[in-house]
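>>> Just need the structure, nothing else, for what follows:
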Amino acid sequence: MNSEWSLDVLYHGTQDPALQADIEKLQQQIDSYKELIAALGSEAPAVTLRKVVEAKEELQTLMRRLMGYFSLRRSANSSDSEGAAYQTKLQNMTAGLSKENVIFEKYVGQLENLEEVLDSDEVLKQYHFYFQQIQQSVSHKISDEGEDVFAKMNLSGGQAWHDLFDYLTSVVVADYNGEEVTLAGIRALAGSDDPQVRKSAYEAELKTYDKIKHGIAYAINSIKLQVNTEAEMRGFASPLDMTLEQSRMQRATLEAMLEAMREYMPKFHAYLRHKAEMLGHKNGLPWYDIGASVGKAGSKKFTVEEAHQYLVEHFNNFAPDLAQMVDQAFKEEWIDFYPRGGKVGGAFCSNLPFVKQSRILTNFTGGFGDVVTLAHELGHAYHGMQIQDHRPLNTGYTMPVAETASNFNELIIMNDAIAHATGEEKLQLIESQIQDCTQVIVDIYSRFLFEDEVIRRRKDTFLFPEDLEQIMINAQKEAFGDGLDPEYLHPYMWCCKSHYYRPNLSYYNFPYAFGCLFSRGLYAKYLEEGEAFLPKYRELLKATTVDTVEHVAQIAGIDLTKPEFWRASLDIIAEKIDLFLEA
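Residues are numbered from 1 along each chain as shown. You can find the predicted model right below:
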């Protein structure tokens, strides 16, 4: 089994005639699209919309294939200069489409009989929600020329700063025990069984950021200034409002979730204090022990082949189609497994619906946690499988629902492992699950507070590294309360999380809390309904690309705008914490 993914389903390298032909074809499609937009209004609305939709479908499919190929290449090797050059070329080619897109959207916005037009055509019928979203967004468009300039300037603005962040964090090395270790490698030691290793790795990690923090500070300042500018230009009250519209999510839903989360913070603080005492700390849990195991972990180390077999067996008990997809992912080289120099840290899944596959990047070291991470990313791939038969413009789901299937997969694996474990291993697994929830509830809340403060202050202030460090520390103190040792926090979390550096996607933090809690509510319904839940679950995932967050939840009978649902999901976690405190 190959330890690196294969991108041959896309292209066989830059010398592949198919790639060169597609780049030439992309330029032809761009030119044709511009001519089509220039002739808007010369034909009946139904004919016009059908022609534009089909042109946009072709463009999007080809752009996603080309851009996806080079993006994946650079994730596996950030020093891929050839890939970077092609990526820049493609970005320059497609940036010029913004003006035409806005002209088309404004044309759609002024159609008074849109519903009647859509119902007159079989293809257009499938795009009801798509066009409703266009009409809703028209009021936030700037001038045609302004959109064009903004998109082009972003390449040397926000996107360039994002690329700098990726580059700095992937090539910087930590000095650890006389050796050079990648940032991803040093952060992986946070889960070591040796307490001295955890502490020394934490100290080495913090020192490593001194090498890159100034460049990263300029990156986050520039991106957040651009975000503030864009929100103001588009008439949004704040970047958060802009994000919520992008997320197809009501502010009432976010506020209900945050309200419930704040109510349950003392329960998480109690867990952290108890864990600290078990590890011999008297002043709360130091940051370097957040990932420490409590109880005796299973000693088993998984090979990739064993992880493959384990996941297929366990998912087959839930949904055979999920197990079959997992088997395909391993056998057909969808996954890039091991850490190495130049490869980005963490893990992600990239859906490729136009080829009915996905690609998954992890930094696998063989622990059970790495198997759970694989399950998580394969959940994203399963989500991709549910939406791949939509028409091309209907294959994008938003941030909040993006973490639904991934967290659901985690629950399947973790709950089964806990059910079959005994003694200290059972305790360790329960604590591991609580630990993960603490990260996506408490730590994510601290990241939300941090980003909100940075965006607010960046309107009229440049934030130097020491300013960003203090904002992060304050956010961690508010979120973690007395659960953490205030002498050992992590002032550089803004230096290692790529979510802050997406110029077109702010607040990529609360969706993790959403995914954690939403998936638990869904899992509770699965336990209640059994196999009858599965068709509903698949329908819900499929609907995420063609409906609002709130309407998607209603498929499962859930009202997201009320704190009660979120409290019920948090109760599930609180029960696990009580078990841990009593153990």
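>>> my guess is Ser358 is in a helix, correct?
No - according to DSSP: H, G, I helix; E, B strand; the rest coil, Ser358 belongs to no helix; its state is strand.
>>> Excluding residues flanking it in the chain, which one is nearest it?
With sequence-adjacent residues excluded and distances taken as C-beta to C-beta, 6 or more residues apart in numbering, Ser358 is closest to Ala381, at 3.8 Å. Just so you know, the C-beta spots here come from the backbone N, C-alpha and C atoms, and that holds for glycine as well.
>>> Now do the same contact list for that neighbour.
Residues in contact with Ala381 (C-beta atoms under 8 Å, 6 or more residues apart in numbering) are Met325, Ala329, Trp334, Cys349, Asn351, Ser358, Ile360.
>>> Could you do Gly521 as well?
Ala556, Ile558, Phe565, Ala568, Ser569.
>>> tell me the phi and psi of it?
For Gly521, the backbone dihedrals (degrees, to the nearest 10) come out as phi -60, psi -40.
>>> for Ala174, same thing?
Given degrees, to the nearest 10, the pair of backbone angles that Ala174 has is phi -90, psi 140.
>>> That one contacts Ile186, doesn't it?
Yes - under the contact definition of C-beta atoms under 8 Å, Ala174 touches Ile186, with a separation of 4.1 Å.
>>> Tell me which of the contacts of Gly521 fall in helices.
The members of the contacts of Gly521 that map onto helices under DSSP state H are Phe565, Ala568, Ser569.
>>> Columns pLDDT, distance to Ile23 and neighbour count on top of the residues you listed, output as JSON lines?
JSON lines is the format used below for those (pLDDT from 0 to 100; distance: C-beta to C-beta, whole Å; neighbours: other C-beta atoms under 10 Å):
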{"residue": "Phe565", "pLDDT": "95", "distance to Ile23": "48", "neighbour count": "21"}
{"residue": "Ala568", "pLDDT": "94", "distance to Ile23": "51", "neighbour count": "15"}
{"residue": "Ser569", "pLDDT": "96", "distance to Ile23": "47", "neighbour count": "23"}
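>>> Which residues are in contact with each of Ala174 and Ile186?
Joint contacts of Ala174 and Ile186 (C-beta under 8 Å, 6+ apart) are Ala204, Glu205, Thr208.
>>> Which helix or strand contains the second one?
Yep, that's Glu205 we're talking about. helix 195-209 (DSSP states H and E).
>>> His281 too?
Counting by DSSP H and E, His281 is part of no helix or strand.
>>> Name the residues of stretch 510-528 that are buried.
Within stretch 510-528, the residues that count as buried by 16 or more other C-beta atoms under 10 Å are 510-523, 525-526.
>>> helices or strands up against the helix or strand hosting Met265?
Element membership for Met265, per DSSP H and E: helix 251-278. Applying 3 or more C-beta pairs under 8 Å, 6 or more residues apart in numbering; DSSP states H and E, we find helix 251-278 packed against helix 239-246, helix 423-438, helix 444-457, helix 465-480, helix 510-529, helix 563-582.
>>> so which of these gets nearest His281?
Closest approach to His281 among the helices and strands packed on helix 251-278 (C-beta to C-beta): helix 465-480, 13.7 Å.
>>> From the rest of the structure, what touches the closest one?
Here helix 465-480 makes contact (C-beta under 8 Å, 6+ apart) with 213-214, 217, 220, 265, 268-269, 272, 442-443, 445-447, 449-450, 453-454, 457, 461, 463, 484, 486, 489-494.
>>> Buried only: go through these for me.
By 16+ other C-beta under 10 Å, those give 213, 217, 220, 265, 268-269, 272, 442-443, 445-447, 449-450, 453-454, 463, 484, 489-494 as buried.
>>> Any regions of this protein where pLDDT drops low?
For the chain, applying pLDDT under 70 flags the ranges 297-299.
>>> that older thread, for Ser170, which of the helices and strands packed on helix 251-278 is the nearest?
Nearest of these to Ser170, taken as C-beta to C-beta: helix 465-480 at 19.6 Å.
>>> how many neighbours does the residue nearest to His140 when sequence neighbours are not counted have?
Distance criterion C-beta to C-beta, 6+ apart; nearest residue to His140, sequence neighbours excluded, is Arg234 at 4.1 Å. For Arg234, the count of nearby residues is 19 (other C-beta atoms under 10 Å).
>>> Quick check: Arg234 vs Phe150, distance?
For Arg234, the distance to Phe150 equals 10 Å [C-beta to C-beta, to the nearest Å].
>>> list the residues that contact both of these two?
In terms of C-beta under 8 Å, 6+ apart, Arg234 and Phe150 are both contacted by the residues Ile142.
>>> can you put the helices and strands packed on helix 251-278 in a markdown table and add distance to Val9?
Compiled in a markdown table, those are given as follows (distance: least, C-beta to C-beta, whole Å):
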| stretch | distance to Val9 |
| --- | --- |
| helix 239-246 | 29 |
| helix 423-438 | 32 |
| helix 444-457 | 34 |
| helix 465-480 | 41 |
| helix 510-529 | 28 |
| helix 563-582 | 37 |
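>>> So which of those helices is nearest Met67?
For the helices and strands packed on helix 251-278, proximity to Met67 was assessed by C-beta to C-beta; helix 239-246 is nearest, at 19.1 Å.
>>> which outside residues touch the closest one?
136-137, 140, 227-228, 230-231, 234, 236, 250-251, 254, 398-399, 452, 455, 505-507.
>>> Check for me that Cys349 belongs to a strand.
Yes - residue state for Cys349 (three-state DSSP) corresponds to a strand.
>>> So it is in contact with Leu378, correct?
Yes - between Cys349 and Leu378 there is a contact under C-beta under 8 Å: 7.5 Å.
>>> Now the common contact residues for those two.
Ile360.
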